[in-house]
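Participant: this one's structure only:
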């Protein structure tokens, strides 16, 4: 694949915590304008991989680049191109939803941060709660605001770690619409998720699993959801086979 078509390129990535090897010789290429879903059991290295790709964690060996920029040598350039929504909502509870979004817009040097904030609040059905302190929001509302904040800077690559946690099924449908809109606009989405609707919407699945034990996460299967299901060489593949085939 032409490197200009790649949002993420990973070669022989290895990561250890002490003597525990959590990633071992991982290779992946994530194409621009697509949805990639990272799957795997707890401890397989999914969140660690996301942290490395977003410059939040160091690694022991290998080469990792985002849009052609090294995450180690050009971390600042990488951070200008991406956004990250972690497993837990990261919002300022002492501010309103509107204020949270305006601040993020200003930090990303948007020309019209207030307009962008209003658009995102409307898109995620938070307009009525726009001026309420976030401390009064429900868990699902905070999650929607957190996702909205990750989009405020118009990132090229969006990393989402279990974004459907706490969302009502109607909000999951809205999230799927958001993902489709982002991809149609040429953006790339990398998501860790266990929600079947999100998994089935993915263009490509990367299934991380143990290498001969519980240490050393490696890619045990990858491809479209149907291809991983037909492979059936991993627990994820066997599960998808029952659901999709």
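Facilitator: Structure's in. What do you need? As the structure is a prediction and not an experimental result, all values here were calculated from the model. Numbering: from 1, shown residues only.

Participant: Please count neighbours and contacts with C-alpha atoms only from this point.
Facilitator: Will do.

Participant: Excluding chain neighbours, what is closest to residue 206?
Facilitator: residue 222 (4.6 Å; C-alpha to C-alpha, 6 or more residues apart in numbering).

Participant: and the gap between the one you found and residue 187?
Facilitator: Residue 222 is 21 Å from residue 187, where distance means C-alpha to C-alpha, to the nearest Å.

Participant: still on that earlier bit, correct me if wrong, but the residue nearest to residue 206 is in a helix.
Facilitator: No: counting by DSSP: H, G, I helix; E, B strand; the rest coil, residue 222 is not part of a helix but strand.

Participant: show me the contacts for it.
Facilitator: 204, 205, 206, 207, 228 (C-alpha atoms under 8 Å, 6 or more residues apart in numbering).

Participant: What mean pLDDT does the host helix or strand of the last one get?
Facilitator: Secondary structure assigned from DSSP states H and E places residue 228 in helix 225-231. Mean pLDDT, helix 225-231: 87.

Participant: Quick one: name whatever helix or strand follows it.
Facilitator: helix 235-244.

Participant: list the buried ones in that next one?
Facilitator: For helix 235-244, the neighbour count (16 or more other C-alpha atoms under 10 Å) marks 236, 237, 240, 241 as buried.

Participant: Can you give me the buried ones in stretch 191-199?
Facilitator: For stretch 191-199, by 16+ other C-alpha under 10 Å, it's 191, 192, 193, 194, 198, 199.

Participant: Mind jotting down where the helices sit in this protein?
Facilitator: 46-53, 75-79, 97-107, 113-123, 139-151, 169-184, 196-201, 225-231, 235-244 (DSSP state H).

Participant: how about those helices in JSON lines, adding distance to residue 217?
Facilitator: JSON lines is the format used below for the helices of the chain (distance: least, C-alpha to C-alpha, whole Å):
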{"stretch": "helix 46-53", "distance to residue 217": "9"}
{"stretch": "helix 75-79", "distance to residue 217": "24"}
{"stretch": "helix 97-107", "distance to residue 217": "34"}
{"stretch": "helix 113-123", "distance to residue 217": "37"}
{"stretch": "helix 139-151", "distance to residue 217": "28"}
{"stretch": "helix 169-184", "distance to residue 217": "27"}
{"stretch": "helix 196-201", "distance to residue 217": "20"}
{"stretch": "helix 225-231", "distance to residue 217": "17"}
{"stretch": "helix 235-244", "distance to residue 217": "14"}
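
Participant: comparing those helices, which gets the lowest mean pLDDT score?
Facilitator: Among the helices of the chain, helix 235-244 scores lowest, with a mean of 78.
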